[in-house]
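> Any chance you can model this:
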Amino acid sequence: MPTTRRLLATIAAGALTVSLAACATSERGDGGSAGATGGTMVFGAAGAPKNFDPIFNDDGESFRPVRQMYDTLITYKPGTTDLAPGLATEWSSSPDGKQWTFTIRQGVTFHDGTPLDAAAVCTNFDRWANTTSEAAQSNMIYYADVFEGFKNSGGIYESCQANGDKATISLSKYKGAFPAAFGLTSLSISSPAALKQYDADNVTQSGDSFSYPAYATDHPTGTGAFKFESYDRTGNTITLVRNDDYWGEKAKLDKLVFKIIPDENARKQELTAGTIDGYDYPSPADYNALKQAGQQVLIRQPFNVLYMGINTKNNPALKDIRVRQALAYAIDRQALVQTKLPEGAEVATQFMPKTVAGYADDVQQYPYDPQKAKDLLAQAGASNLTLNFYYPTEVSRPYMPNPTDLFQLISENLKQAGITVNAVPRPWNGGFKDDVQTAGKQDLHLLGWTGDYNDAGNFIGTFFGREKPEFGPEDPAMYAQINAADAEPDPAKHAAAYEQANRDLMAKYLPAVPISSSPPAIVVSGAIQGLVPSPLTDERFNTVSKTQS
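So this is what the prediction gives:
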């Protein structure tokens, strides 16, 4: 597979490889002797999932349980961004990168007992591409980004052909996202029988709210190491059970429970009390106390970016680049990094980590300068600017451990530059994300991104490769430039094109303000062994064992 080796070598050359990978091998390779098997692990989730159908999700709190129940064609080696076989044992591409052929793993069954085969894989890809419901499409953010739309809106997916144990996916053009994007959690493979039985495509919308079918709410059916048992929406617990027929390393735990605890202090208290076994994104201020109490604080390598988004749709003043630049100069990002984020966090100068090919060292800088911000606002005739600033509540994210704290610092900076800020706090799911990413109600908002794979397109292509309600209408030249970079198959030219795109994003377009990149932590009790922290926050719990007290 010469083409595959060439493409993978390109990706691996810039891949972030965490030193914990070696530890992962020793922890996972002993059949669980490091800790007792069986039992139940309770993990404190920072927010409720939107639903359990992978294709209709794009946030970490939804993906965490989904990753345990589903598999993708390609996956990632534990603790790294390196590609590894998943439901496909091998893959190759045509010389022009427009066709990808996967050898489908044999002997795998879905949780409903139906077999995985090449035809099932094609059913999933055809389902996504042929979706025509606007309500469903608006929830398929990852798919629309990667495949640039749907069959009815100019997407690049053409077909999937099943031939024996081979599934061949044909695209209309080369795209730098592949093959890594075939590992996206959103592109997990579902049981075709369950999709049909539980009316999986029947997403409906009423105003700003969405309703999801039974497949997404109560009958998710994948091939993963854990199976769905229940979601107690009153008790805020999601219960998964071990899949004894799993094709890979079978889970050591009998049950895996996600207990939804939106408040970070409450998660910490429950861990201390022993009512949960771990939680994500502990406050950096708590690291030492947690360690002293015998908890394990596992630090991930940074692979994320926090930004303040700017929506130019609702306030005409924001269409002026000078106003957007004023916003950038107004924020004391260094103070934010030093006082609100964990050790190792850095001010972001652009919308991707330094470890990704395409990062440019010479982008336009926006150091903290409130007087320059005031001068730019005056030049633009926007000295009396009033902005609606949305930020999420009831959630902690890898790039944003305490959204309220971050908002307060940034909003105070903006006020010092003469900007009136209307604070609009909204719950993460069922509020903030719908308002910001679907309805585009905001002027400003806090959001960020943890990379899914090591390619510039996964960052700036996801953000700015097409028009989105999150940012409002922008210059079509920006979309064209980013998509041209993505379509460049030569690795050196691919990286150079993205470097220029980053320069232009910061100097010519500035559709948002990059804030920071930080190393998030995940904390578990001393009784937990085998959890391998991932820079992609792609932790799998089948490797985990729990010492019984």
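
> CA only for contacts and neighbour counts going forward, please
Noted.

> Now do the helices in the stretch 251-400 of the chain.
Taking DSSP state H, counting those that start in this stretch as the criterion, the stretch 251-400 of the chain carries its helices at 264-273, 287-292, 321-330, 333-340, 370-379.

> Could I get the average pLDDT for the third one?
In this model, helix 321-330 carries a mean pLDDT of 98.

> Tell me which helix or strand comes right after the helix or strand of the chain with the lowest mean pLDDT.
Ranking every helix and strand in the chain by mean pLDDT, DSSP states H and E puts helix 20-28 at the bottom, with a mean of 34. On the C-terminal side of helix 20-28, the closest following helix or strand by DSSP states H and E is strand 40-45.

> average model confidence for that following strand?
If you average the pLDDT over strand 40-45, you get 97.

> before we move on, what about stretch 536-543?
For stretch 536-543, mean pLDDT is 95.

> What residues of that stretch count as buried?
536-543 (16 or more other C-alpha atoms under 10 Å).

> My guess is Asn51 contacts Asn57. True?
Yes - if you go by C-alpha atoms under 8 Å, Asn51 and Asn57 touch, sitting 7.2 Å apart.

> Common neighbours of these two, please.
Shared contacts of Asn51 and Asn57 (C-alpha atoms under 8 Å, 6 or more residues apart in numbering): none.

> give me the number of residues near the spatially closest residue to Asp475 that is not a sequence neighbour?
Spatial nearest neighbour of Asp475, chain neighbours left out: Tyr509 (7.7 Å); criterion: C-alpha to C-alpha, 6 or more residues apart in numbering. Neighbour count for Tyr509, taken as other C-alpha atoms under 10 Å: 20.

> Would you report the backbone torsion angles of Tyr509?
Backbone torsions of Tyr509, given as degrees, to the nearest 10, read phi -110, psi -50.

> Could you tell me how far Ile260 is located from Leu253?
Distance of Ile260 to Leu253, given as C-alpha to C-alpha, to the nearest Å: 20 Å.

> Same question for Leu446.
Distance from Leu446 to Leu253, by C-alpha to C-alpha: 37 Å.

> same deal with Pro342?
According to C-alpha to C-alpha, Pro342 and Leu253 sit 31 Å apart.

> And Lys354, by the same measure?
Where Leu253 is concerned, Lys354 sits at a distance of 37 Å (C-alpha to C-alpha).

> for the stretch 401-549 of the chain, which spans come out with low pLDDT?
549 (pLDDT under 70).

> any chance you could map the strands in it?
Ranges of strands in the stretch 401-549 of the chain, per DSSP state E, counting those that start in this stretch, are 420-427, 444-450, 512-517, 521-524, 528-529, 545-546.

> Work out the gap between the first one and the centre of the chain.
To tie it back to what came earlier, the one meant is strand 420-427. The chain centre lies 24 Å from the centre of strand 420-427; the measure is C-alpha atoms, centre = their mean, to the nearest Å.

> Same question for that strand: list its buried residues.
420-421, 423, 425-427.

> in stretch 239-251, what counts as buried?
239-243, 245-247, 250-251.

> ok, now stretch 427-439?
Neighbour counts over stretch 427-439 (16+ other C-alpha under 10 Å) mark 427-429, 432-438 as buried.

> Dump these to TSV, plus distance to Glu134.
Shown next, in TSV, are these (distance: C-alpha to C-alpha, whole Å):
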residue	distance to Glu134
Pro427	24
Trp428	22
Asn429	19
Phe432	20
Lys433	17
Asp434	14
Asp435	16
Val436	17
Gln437	14
Thr438	11
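
> Okay, and which of those map to helices?
Mapping the buried residues of stretch 427-439 onto helices (DSSP state H) picks out Lys433.

> ranges for the strands of the stretch 101-250 of the chain?
157-163, 166-171, 204-206, 209-211, 226-232, 237-242.

> Save the ones you listed as TSV, and put in mean pLDDT and distance to Leu83 too.
Putting the strands of the stretch 101-250 of the chain into TSV (pLDDT from 0 to 100; distance: least, C-alpha to C-alpha, whole Å) gives the following:
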stretch	mean pLDDT	distance to Leu83
strand 157-163	98	22
strand 166-171	98	18
strand 204-206	94	36
strand 209-211	92	34
strand 226-232	98	22
strand 237-242	98	25
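
> average pLDDT across stretch 183-201?
Here the average pLDDT along stretch 183-201 is 97.

> ah, wrong one, I meant stretch 356-370
Throughout stretch 356-370, pLDDT has a mean value of 96.

> Need the residues that contact it.
Identification of contacts with stretch 356-370 by C-alpha under 8 Å, 6+ apart yields 14-15, 325, 328-333, 349-350, 352-353, 413, 416-417, 454-456, 494-500, 502-504, 506-507.

> What are the buried residues along it?
Neighbour counts over stretch 356-370 (16+ other C-alpha under 10 Å) mark 356-360, 363-364, 366, 368, 370 as buried.

> thinking again about what came up before, tell me which of the helices of the stretch 251-400 of the chain sits most buried.
Among the helices of the stretch 251-400 of the chain, the stretch with the highest mean neighbour count (mean count of other C-alpha atoms under 10 Å) is helix 321-330, at a mean of 24.

> Let's see the distance spanning stretch 38-56 from one end to the other.
Terminal residues of stretch 38-56 are spaced 32 Å apart (C-alpha to C-alpha).

> and that stretch, which residues are buried?
Per 16+ other C-alpha under 10 Å, stretch 38-56 contains these buried residues: 38, 40-56.

> where's that stretch relative to the chain centroid, distance-wise?
Relative to its chain's centre, stretch 38-56 lies at 15 Å (C-alpha atoms, centre = their mean).

> which ones are touching Ala330?
Counting by C-alpha under 8 Å, 6+ apart, Ala330 touches 368-370, 372-373, 413-414, 416-417.

> ok, Ala119 - how many residues close by?
18.

> Who's the closest spatial neighbour of it, skipping the chain neighbours?
Spatial nearest neighbour of Ala119, chain neighbours left out: Ala162 (5.3 Å); criterion: C-alpha to C-alpha, 6+ apart.

> Just to check, the one you found is in contact with Phe125?
No - applying C-alpha under 8 Å, one finds Ala162 not in contact with Phe125, separated by 11.5 Å.

> can you tell me which of the buried residues of stretch 536-543 are in helices?
Taking DSSP H, every one of the buried residues of stretch 536-543 sits outside helices.

> Reformat these into CSV and put distance to Ala380 next to each item.
Shown next, in CSV, are the buried residues of stretch 536-543 (distance: C-alpha to C-alpha, whole Å):
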residue, distance to Ala380
Leu536, 40
Thr537, 42
Asp538, 44
Glu539, 47
Arg540, 50
Phe541, 53
Asn542, 56
Thr543, 57
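
> Could you report the distance from the closest residue in space to Ala521 that isn't next to it in sequence to Asp232?
Closest residue to Ala521 apart from its sequence neighbours, by C-alpha to C-alpha, 6+ apart: Ile299 at 4.3 Å. For Ile299, the distance to Asp232 equals 31 Å [C-alpha to C-alpha].

> Can you pick out the residue with more neighbours from the two?
Legend: neighbour count by other C-alpha under 10 Å for Ile299 and Asp232, higher for Ile299 (17 against 11).

> re earlier: could you dump the helices of the stretch 251-400 of the chain to a markdown table with distance to Ser209?
Converted to a markdown table, the helices of the stretch 251-400 of the chain look like this (distance: least, C-alpha to C-alpha, whole Å):
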| stretch | distance to Ser209 |
| --- | --- |
| helix 264-273 | 27 |
| helix 287-292 | 38 |
| helix 321-330 | 31 |
| helix 333-340 | 33 |
| helix 370-379 | 36 |
